[in-house]
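K.L.:
Sequence and predicted model, in that order:
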Amino acid sequence: MTNTNDELKAMHAPFENPKFIFFTDFDGTITLQDSNDFMTDNIGFGGDKRRQGNKDVLDGTDTFRDSFRKMMDSVTRPFPQCIEYLVKNIKLDPGFTEYLDWALENNIPTVIVSSGMHPVIEAIMKNLVGEEKAAKIDIISNQVEGRPGKTIDQEGGWQIKYHDESGFGHDKSLCIRPYANLPAEQRPTLFYAGDGVSDLSAARETDLLFAKKGHDLIRYCVKQNTPFTMFSDWTDILTKVKEIVEGKKSVQDAAREGYEAYQKGESGLNGHAK
Ligand SMILES: [Mg+2]
């Protein structure tokens, strides 16, 4: 299982031919805070500049890719210190551990799909769920690299290394498509959880999107006719996924209920797009 180019890794690790796969965003979805925002706001150029950067992306005057690189470039602390700082401060969603235990018992792989950097996510997950369970979660994300002539453990020595050439830096749909394109008799049911606009392209490849309440992702889903259901934390996700896995509810029913809840004004929308 060491082939890093394995496009269908979750079909055989940690389980053989799963019937369901759960893809999920990391920052603000599994964790309560966004680790990159946290780092930028506290040890980088600060919240005001970060929010201006978000606006520029929404206005179309900058790409997510370039705006995110500026955020990361503003953090000059040696990379090991950044990891240590984040491990100390980033908290887990209150329902995630219960979900993960259930998913592992029921042969459902969990795959993190993130715009963050691999070593950061790995270190935070090890700290929050323990080494043994963290090893069973696949992470598809951006990377970190040394700047020319420097190493990542020097002051100002690291930079983000993007996963692909897209304007997002990491087009999350690319890694899900091979699963979505499997022949019907092999293709698992695909779930996705997220909170940001960069999750939308990924969600379109899956069968059911869990969109976090209070975030603009919901508004985008409605606008673009992407089926979704809402969650506040992973206890909501676990309840719904259990019903689907146990055959008590179809993904179509779950998506219809999600839309009805949205129409009733239960989406808690006053967050900002990201
Ligand atoms: Mg997020």
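P.N.:
That came through fine. Numbers count the residues shown, from 1 in each chain.
K.L.:
Just the C-alpha atoms of stretch 161-172, please, in PDB.
P.N.:
C-alpha atoms of stretch 161-172 as PDB (Å, rounded to 0.1, in the frame of the first residue of the first chain):
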ATOM      1  CA  LYS A 161       3.700  23.300  -2.400                       C
ATOM      2  CA  TYR A 162       0.500  22.900  -4.300                       C
ATOM      3  CA  HIS A 163      -1.100  19.600  -5.200                       C
ATOM      4  CA  ASP A 164      -2.000  20.600  -8.800                       C
ATOM      5  CA  GLU A 165      -2.200  23.500 -11.300                       C
ATOM      6  CA  SER A 166      -5.800  24.600 -10.500                       C
ATOM      7  CA  GLY A 167      -6.800  28.100  -9.300                       C
ATOM      8  CA  PHE A 168      -7.600  26.400  -5.900                       C
ATOM      9  CA  GLY A 169      -4.100  25.000  -5.600                       C
ATOM     10  CA  HIS A 170      -5.900  21.700  -4.900                       C
ATOM     11  CA  ASP A 171      -8.900  20.900  -7.000                       C
ATOM     12  CA  LYS A 172     -10.700  18.600  -4.600                       C
END
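K.L.:
which residues are in contact with that stretch?
P.N.:
Residues from elsewhere that reach stretch 161-172 (CB atoms under 8 Å, 6 or more residues apart in numbering): 25, 63-65, 68-69, 113-115, 140-145, 160, 174, 198-199, 201-202. Glycine gets a C-beta too; all of them are placed from N, C-alpha and C.
K.L.:
Next step: those restricted to helices.
P.N.:
Cross-referencing the contacts of stretch 161-172 against helices under DSSP state H gives F64, R65, F68, R69, S201, A202.
K.L.:
give me the subset of the contacts of stretch 161-172 touching the ion.
P.N.:
Within the set of the contacts of stretch 161-172, contact with the ion (CB under 5 Å from the ion) is found for D25.
K.L.:
I'd like to know which of the contacts of stretch 161-172 are buried.
P.N.:
Those of the contacts of stretch 161-172 that meet the buried threshold are 25, 64-65, 68, 113-115, 140-142, 144-145, 160, 174, 198-199, 201-202, by 16 or more other CB atoms under 10 Å.
K.L.:
Show residues contacting stretch 124-135.
P.N.:
So stretch 124-135 is contacted by 30-31, 35, 86-87, 90-92, 96-97, 100-101, 104, 112, 122, 137, 139 (CB under 8 Å, 6+ apart).
K.L.:
Under the pLDDT cut-off, which ranges of the stretch 1-150 of the chain? List them.
P.N.:
The model of the stretch 1-150 of the chain has pLDDT under 70 over residues 1-5.
K.L.:
Break down it into its helices, ranges please.
P.N.:
For the stretch 1-150 of the chain, the helices defined by DSSP state H, counting those that start in this stretch cover 35-43, 47-59, 64-73, 79-89, 96-105, 118-129, 131-134.
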